[in-house]
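Engineer: What shape does this take:
(2 chains)
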Amino acid sequence: DTEVTQTPKHLVMGMTNKKSLKCEQHMGHRAMYWYKQKAKKPPELMFVYSYEKLSINESVPSRFSPECPNSSLLNLHLHALQPEDSALYLCASSQELAALKATQYFGPGTRLLVL
Amino acid sequence: AQSVAQPEDQVNVAEGNPLTVKCTYSVSGNPYLFWYVQYPNRGLQFLLKYITGDNLVKGSYGFEAEFNKSQTSFHLKKPSALVSDSALYFCAAAQLNKFYFGSGTKLNVKP
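Structural biologist: Predicted coordinates for the structure are as follows:
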């Protein structure tokens, strides 16, 4: 299995809702990432997990809460989001220990709309 | 400030012609350099990566990239473009705890 899967593909939520994005990989990768991508812009790194521990948090607001329950799963819990948080949320994983220097494999993303 | 620059928002090329997508970087040390491609409504796909050694790196789908240390450039090339190469291309540079994407270049290959 050489895939990173993300669910749901699309999500519409209100500003008072709580929702979660899910990412899964079965490639044995030990580093996993969350990115946010606005239209026609490059992805912005949000979080990096290495060996299920949070290693990088790029000063992301607390309304985004990552969780890595095991080496194959990565969640992003969303609460009290703002309309400007609407974006494509990408998950990625990589094998090597030097996480950011590693080749990353991306999922197809979750397109989030906050109303 | 450290950064990766892709000076062209868009590159247009005819099918069968060679293509070049430009990238320059301003990142200290010896960063790893990457090219990723993104098709509409999809995640990014890895094309190739430069770590060290030979300045010409060969990657997926017939793409290659030329590393030039003196010009701090890492241009993506393909000898003969296909219509299916039309997509958004991102150059990136990585240090141990920092990752820099360029702004992206939209490649349009016309039949």
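Engineer: so the residue sitting nearest the centre point of chain A, which of the three states?
Structural biologist: With distances taken as Cα atoms, centre = their mean, A:Trp34 lies nearest the centre of chain A, 2.8 Å away. Following DSSP: H, G, I helix; E, B strand; the rest coil, we place A:Trp34 in the strand state.
Engineer: correct me, but it touches A:Cys91?
Structural biologist: Yes: between A:Trp34 and A:Cys91 there is a contact under Cβ atoms under 8 Å: 6.1 Å. Quick note: C-beta positions are derived from backbone N, CA and C, even for glycine.
Engineer: which residues are in contact with both of those two?
Structural biologist: Common contact partners of A:Trp34 and A:Cys91 (Cβ atoms under 8 Å, 6 or more residues apart in numbering or on different chains): A:23, A:74.
Engineer: what's A:Gln37 in contact with, if anything?
Structural biologist: Contacts of A:Gln37 (Cβ under 8 Å, 6+ apart): A:43-44, A:87-90, A:109.
Engineer: partner residues bridging it?
Structural biologist: In this entry, A:Gln37 is beta-bridged to A:Leu88, by DSSP bridges.
Engineer: okay, now the residue lying closest to B:Lys22 once chain neighbours are set aside: neighbour count?
Structural biologist: Closest residue to B:Lys22 apart from its sequence neighbours, by Cβ to Cβ, 6 or more residues apart in numbering or on different chains: B:His75 at 5.2 Å. Look at B:His75: counted by other Cβ atoms under 10 Å in any protein chain shown, it has 17 neighbours.
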